[in-house]
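Trainee: Kindly return the folded structure for what I paste below:
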Amino acid sequence: MNLQQLRYLNEIVRCGLNISDAANALYTSQPGVSKQIKLLEEELGVDIFVRNGKRIVAITDPGKAVLEIARRMLHETENLKQVGDEFRTQDSGSLTVATTHTQARYALPRVVKEFTLHYPGVKLGLHQGSPTQIAEQVLNGEVDIGIATESLALYDELVTLPCYEWHHCVVTPPRHPLLQEKRLTLKKLAQYPIITYDFAFTGRNKINQAFSEAGIEPNIALTAIDADVIKTYVELGLGIGIVAQMAFIPDRDRQLRMIDAGHLFQPSTTRIAIRKNQYLRGFGYHFIELFAPHLTREVVSKALHLTA
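Mentor: This is a model prediction of the structure:
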């Protein structure tokens with residue numbers, strides 16, 4: 001048994017049981033991957049996969065147990081490398097963050113700028129995706145840190161910490177009738193086509209919840225995964241938009257007007273996620289603290305230790 005075999009096993013599962021895709025991702029040959037998995041099965045004395053001819057169609061119950069242990073071993077191997085890097089080269093290396101478009105576009109620019117000034121020798125990577133994709137990338141070790149509003153707290157294998165609360169707002173074209181209302185209501189909003197986030201993104205569940213509890217059916221005309229697209233279609237006159245308040249920038253959004261909707265929808269909480277038992281390098285802790293100053297190294301370390 002060796003680490004290479006465990007990596008092959010993990011990659012096959014990550015690629016949906018497709019050996020060809022796993023081999024391509026590992027820059028090796030399909031026969032080589034198949035051979036190593038067979039050797040691992042022979043050594044362990046169990047079938048890890050269910051096969052139909054040469055094709056893998058499922059993972060066995062023993063295979064699931066082997067995979068769980070293999071992932072822990074690979075994770076700890078990576079932690080060992082991180083420990084060495086931390087004490088050998090404290091101000092160089094890489095940090096990868098997975099987040100949503102809204103966070104990357106509106107919440108992270110200041111943090112990224114300050115971080116790169118502090119650590120010019122650290123290669124910072126930003127991956128954008130849905131909250132579910134972000135959680136899975138953290139779990140799989142593809143990224144070091146995940147930042148999103150939805151889904152992260154649903155994964156027991158992740159340590160999640162609250163960063164900040166935010167509210168939604170309504171954006172309209174200039175001279176829209178809603179701008180004349182003294183106090184915005186859900187009933188008034190429902191009179192117009194609404195353009196807002198896709199269900200999995202940026203507090204959409206809070207929007208649905210508010211309308212549902214009021215017994216009002218909103219006219220959702222269009223959904224998108226980021227605020228820039230929503231604002232573009234509002235500018236075209238296709239409806240009113242409901243977006244995160246941070247996404248409205250008066251100096252840039254001069255063709256739009258903003259109405260506070262904090263009283264209509266419950267606040268949303270953006271969270272940061274780290275895989276349990278992960279060894280986080282010093283600059284990783286600093287990145288988190290730049291994003292959420294109350295999440296000091298001591299606070300994050302304690303959270304990781306308590307859930308280890």
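Trainee: Return the residues in contact with Leu6.
Mentor: Leu6 makes contacts with Leu40, Ala70, Met73, Leu74, as judged by CB atoms under 8 Å, 6 or more residues apart in numbering. Placement of C-beta: from N, CA and C, glycine included.
Trainee: Report the secondary structure element holding the nearest residue to the second one once chain neighbours are set aside.
Mentor: Meaning Ala70. The shortest distance from Ala70 to any residue other than its chain neighbours is 4.1 Å, reached at Leu6 (CB to CB, 6 or more residues apart in numbering). Following DSSP states H and E, the helix or strand that holds Leu6 is helix 3-14.
Trainee: gap between Leu154 and Asn205?
Mentor: 12 Å (CB to CB, to the nearest Å).
Trainee: the more surrounded of the two?
Mentor: Under the criterion of other CB atoms under 10 Å, the comparison of Leu154 against Asn205 puts Asn205 first, with 17 against 11.
Trainee: what sits against that one?
Mentor: When the contact criterion is CB under 8 Å, 6+ apart, the partners of Asn205 are Glu150, Phe199.
Trainee: Give me the pLDDT value at it.
Mentor: Model confidence at Asn205, given as pLDDT, is 90.
Trainee: Show me where this protein has its strands.
Mentor: For the chain, the strands identified by DSSP state E occupy 49-52, 55-59, 93-99, 122-128, 145-148, 158-166, 168-172, 194-197, 220-224, 240-244, 257-260, 268-275, in order along the chain.
Trainee: Mind giving me the packing neighbours of the first one?
Mentor: Which is strand 49-52. Judged by 3 or more CB pairs under 8 Å, 6 or more residues apart in numbering; DSSP states H and E, the packing partners of strand 49-52 are strand 55-59.
Trainee: So which bits of the strand it packs on are buried?
Mentor: Neighbour counts over strand 55-59 (16 or more other CB atoms under 10 Å) mark Ile56, Ile59 as buried.
Trainee: what about Lys182, how many residues close to it?
Mentor: Other residues within reach of Lys182, judged by other CB under 10 Å, total 4.
Trainee: same question, Ser212
Mentor: Burial measure for Ser212: 11 neighbouring residues, criterion other CB under 10 Å.
Trainee: Next: the one 4 residues further on.
Mentor: Neighbourhood size, Ile216 [other CB under 10 Å]: 13.
Trainee: these two touch, right, it and Lys187?
Mentor: Yes: under the contact definition of CB atoms under 8 Å, Ile216 touches Lys187, with a separation of 6.2 Å.
Trainee: residue nearest the centroid of this protein?
Mentor: Centrality entry for the chain: nearest residue to the mean C-alpha point is Ile134, 2.6 Å, by CA atoms, centre = their mean.
Trainee: In space, what's closest to Thr99 - neighbours in sequence excluded?
Mentor: With CB to CB, 6+ apart as the criterion, Thr99 has its nearest non-adjacent residue at 4.1 Å, and that residue is Ile147.
Trainee: distance of that neighbour from Pro162?
Mentor: 11 Å.
Trainee: ok, now Asn208?
Mentor: Computed as CB to CB, the Asn208 to Pro162 distance reads 22 Å.
Trainee: For Val112, which non-adjacent residue is closest in space?
Mentor: Nearest in space to Val112, with sequence neighbours left out and distances taken as CB to CB, 6+ apart, is Leu124 at 6.6 Å.
Trainee: Tell me who's in contact with that neighbour.
Mentor: By CB under 8 Å, 6+ apart, Leu124 lies in contact with Ser94, Leu95, Thr96, Val97, Val112, Phe115, Thr116.
Trainee: For it, name its beta-bridge partners.
Mentor: According to DSSP bridges, the residues that bridge with Leu124 are Leu95.
Trainee: can you give me the helices for the protein?
Mentor: Here the chain has its helices, by DSSP state H, at 3-14, 19-25, 30-44, 61-88, 101-102, 109-118, 131-139, 186-189, 204-214, 227-235, 282-291, 297-306.
Trainee: As TSV, the ones you listed with distance to Arg257 would be great.
Mentor: Listed next are these as TSV, based on distance: least, CB to CB, whole Å:
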stretch	distance to Arg257
helix 3-14	46
helix 19-25	48
helix 30-44	57
helix 61-88	48
helix 101-102	20
helix 109-118	24
helix 131-139	29
helix 186-189	15
helix 204-214	19
helix 227-235	10
helix 282-291	30
helix 297-306	39
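Trainee: ranking these by mean pLDDT, which is last?
Mentor: The minimum mean pLDDT among the helices of the chain belongs to helix 61-88 (a mean of 74).
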